[in-house]
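Q: Sequence and predicted model, in that order:
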Amino acid sequence: MRDSYREQIDDILADLVHMSQVVSSAVRSSTTALLEADIHLAEQVITDDEKLDAKQSEVEARAFSLLARQSPVAGELRTLVATLRMVTELERMGDLAAHVAKIARLRYPEIAVPPELRANFVRMGDVAEKMVVTAGQTLNDRNIQNAQELRARDEEMDELRRTQFRLLLSEDWSSGVEAAVDVALLGRYYERIADHAASMARRIIYVVTGEFPEDAYWPQP
């Protein structure tokens, strides 16, 4: 019976790893839709987000069922509690990728990102995607060193966001108010994807070590 219980936990964790792969693909696709004004890809990201929402509900139900029926303790309890938070992080990252796709759809056939910020958003999309991939790999491998490395990427994302604001507030900005609003929203979406990935990594450290990182930099649970 206990072996079956452990297998059910492992199955839930495997589903989280798969969800991270789905989310990283959504981030990549939404960025492409945004920068290329690809309406079909944008629609696909938006549609697929509903499947991710359904998967979150399924994983949560299974985790709550194990909590109710098995009375887990120690490491198993840590894992299930962290799972309930991580599945929410993943679902939210999927939502944010869909928000990016919705702006791409809203501005179609135009490209929502002004030319002067294209390189900035290319890098934002790349950093966000890699952070989600790393979070999933860290969960799969239980390698907390990888989780620690996410902090550097999150700091890069914050700097990319600051660069956007410097341009938006400069006298050289010539793309108008509508584009400025789009850029402000899009930058926030990518920044929050990074924050959720970093928070997920923090919870993985908790699962592996039994302690949350004390570094004040890490997003709080």
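A: Thanks, I have the structure now. Please read all numbers here as calculations on a predicted model, not as lab measurements.

Q: can you give me the strands for this structure?
A: Ranges of strands in the chain, per DSSP state E: none exist.

Q: what's the spacing between Arg123 and Ala194?
A: 12 Å (Cβ to Cβ, to the nearest Å). Using the backbone N, CA and C atoms, a C-beta is placed for each residue, glycine as well.

Q: which one of those two has more residues nearby?
A: Per other Cβ atoms under 10 Å, whichever of Arg123 and Ala194 has more neighbours is Ala194, with 27 against 16.

Q: For that one, list the residues it contacts.
A: Val127, Ala128, Met131, Arg153, Asp154, Met157, Asp158 (Cβ atoms under 8 Å, 6 or more residues apart in numbering).

Q: between the residues you listed, which has the most around it?
A: Counting neighbours by other Cβ under 10 Å, Ala128 comes out on top of those with 32 neighbours.

Q: ok, now which ones touch that one?
A: Contacts of Ala128 by Cβ under 8 Å, 6+ apart are Val27, Thr31, Met157, Tyr190, Ile193, Ala194, Ala197.

Q: switch the cut-off to 7 Å
A: Going by Cβ atoms under 7 Å, 6 or more residues apart in numbering, Ala128 touches Val27, Met157, Tyr190, Ile193, Ala194.

Q: Next one: Thr209, what pLDDT does it get?
A: Note for Thr209: predicted pLDDT of 79.

Q: Give me the buried stretch members for stretch 146-166, please.
A: For stretch 146-166, a neighbour-count test (16 or more other Cβ atoms under 10 Å) marks 146-148, 150-151, 153-154, 156-157, 160-161, 163-164 as buried.

Q: So which of those residues belong to helices?
A: Under the assignment DSSP state H, the buried residues of stretch 146-166 contribute 146-148, 150-151, 153-154, 156-157, 160-161, 163-164 to helices.

Q: The lowest-mean-pLDDT helix or strand in the chain: how far from the chain's middle?
A: Of all helical and strand segments in the chain, the minimum by mean pLDDT, DSSP states H and E falls on helix 144-168, at a mean of 89. Centre-to-centre, helix 144-168 and its host chain are 14 Å apart (Cα atoms, centre = their mean, to the nearest Å).
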